[in-house]
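Q: Here is the input, now give the coordinates:
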Amino acid sequence: MLSFRDRVSRIGALDDPVRRELYLYVCVQPGPVGRDEAAAALDIPVHKAKFHLDRLEREGLLDAEFARITGRTGPGAGRTSKLYRRAPGEVSVSLPEREYALAGRLMAEAIADSVRTGESAAAALERLAAGHGRRLGAAAATEFGRPADAAQALDTARRALAGYGYEPRVDEDELTLVNCPFHALAQEQTELVCGMNHALVDGVASELDGELLACALEPAPDRCCVVLRPA
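A: Numbers count the residues shown, from 1 in each chain. Purely as a prediction, here's the structure:
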């Protein structure tokens, strides 16, 4: 998963009008595009096209490959050229940060499981969210070490949730999640989304150490509905 900083950097790379036009040109072509073709399409020098295309590649917005444009092989076929195409994946930035793609993925998996097994969609969603939370907790424990006490557990949970839009803040002996990454969904389907959210955060806490932290569902204005405290 791309960090918030990396996503901002990728979007920022398109602020330059020439670079943005090159990116859009490459995206709509039926095949990979060479520097000469891109430069001719925008009526700019080849060295300028090269500079911007390579920047887009470094940012991960374009993929590059080398091939002979003529399609010939063997002696006399000519040198290979660097060709560009749109990179797979999506990049988006929202302020405050939201994680609707994560919610959508969990909900789609829950519906599929419900159809296949007969389990209620809500129960499947909470189960899958808890599993995702446990994976986040396990990754944080590997990176930062297993917490030895509640204070360390709160800090490790803060680190685990920081990259997912929660904007976690430790206030004395409580972890407050300043931002709800599923805000718009929670406004429409409060019980379902808050249940998913609670299961996810509780999964993080359980994986770090279920005896050190307690995860409470306590909705309040201007913050996430979940609070973590020492058990």
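Q: and the longest helix for the protein?
A: Secondary structure assigned by DSSP state H gives helix 121-144 as the longest helix of the chain.
Q: What mean pLDDT does that helix get?
A: In this model, helix 121-144 has a mean pLDDT of 97.
Q: what kind of secondary structure is G31 in?
A: Classification of G31 using DSSP: H, G, I helix; E, B strand; the rest coil returns coil.
Q: so how far is D155 from L213?
A: Applying CB to CB, to the nearest Å, the value for L213 to D155 is 11 Å. Just so you know, the C-beta spots here come from the backbone N, C-alpha and C atoms, and that holds for glycine as well.
Q: ditto for Y100
A: From Y100 to D155 the distance is 28 Å (CB to CB).
Q: what do you get for A108?
A: Distance from A108 to D155, by CB to CB: 33 Å.
Q: tell me which element the nearest residue to R169 once chain neighbours are set aside is part of?
A: Nearest residue to R169 in three dimensions, chain neighbours excluded: T176, at 5.0 Å (CB to CB, 6 or more residues apart in numbering). Element membership for T176, per DSSP states H and E: strand 174-177.
Q: Sort out which residues of that strand are buried, please.
A: Across strand 174-177, burial judged by 16 or more other CB atoms under 10 Å covers L175, T176, L177.
Q: for stretch 57-72, same thing?
A: E59, G60, L61, L62.
Q: Restrict it to CA atoms and write it as CSV.
A: Coordinates of each C-alpha in stretch 57-72 appear next as CSV, following Å, rounded to 0.1, in the frame of the first residue of the first chain:
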residue,chain,number,x,y,z
GLU,A,57,8.1,6.7,-14.5
ARG,A,58,10.0,7.4,-11.3
GLU,A,59,6.8,8.4,-9.6
GLY,A,60,5.2,5.1,-10.6
LEU,A,61,2.6,6.7,-12.9
LEU,A,62,4.1,5.2,-16.1
ASP,A,63,5.8,1.8,-16.7
ALA,A,64,8.7,1.6,-19.2
GLU,A,65,10.0,-1.1,-21.5
PHE,A,66,12.6,-1.3,-24.2
ALA,A,67,11.7,-2.6,-27.7
ARG,A,68,12.5,-2.0,-31.4
ILE,A,69,9.8,0.3,-32.8
THR,A,70,10.3,-1.3,-36.3
GLY,A,71,9.4,-4.7,-34.9
ARG,A,72,12.5,-6.2,-36.7
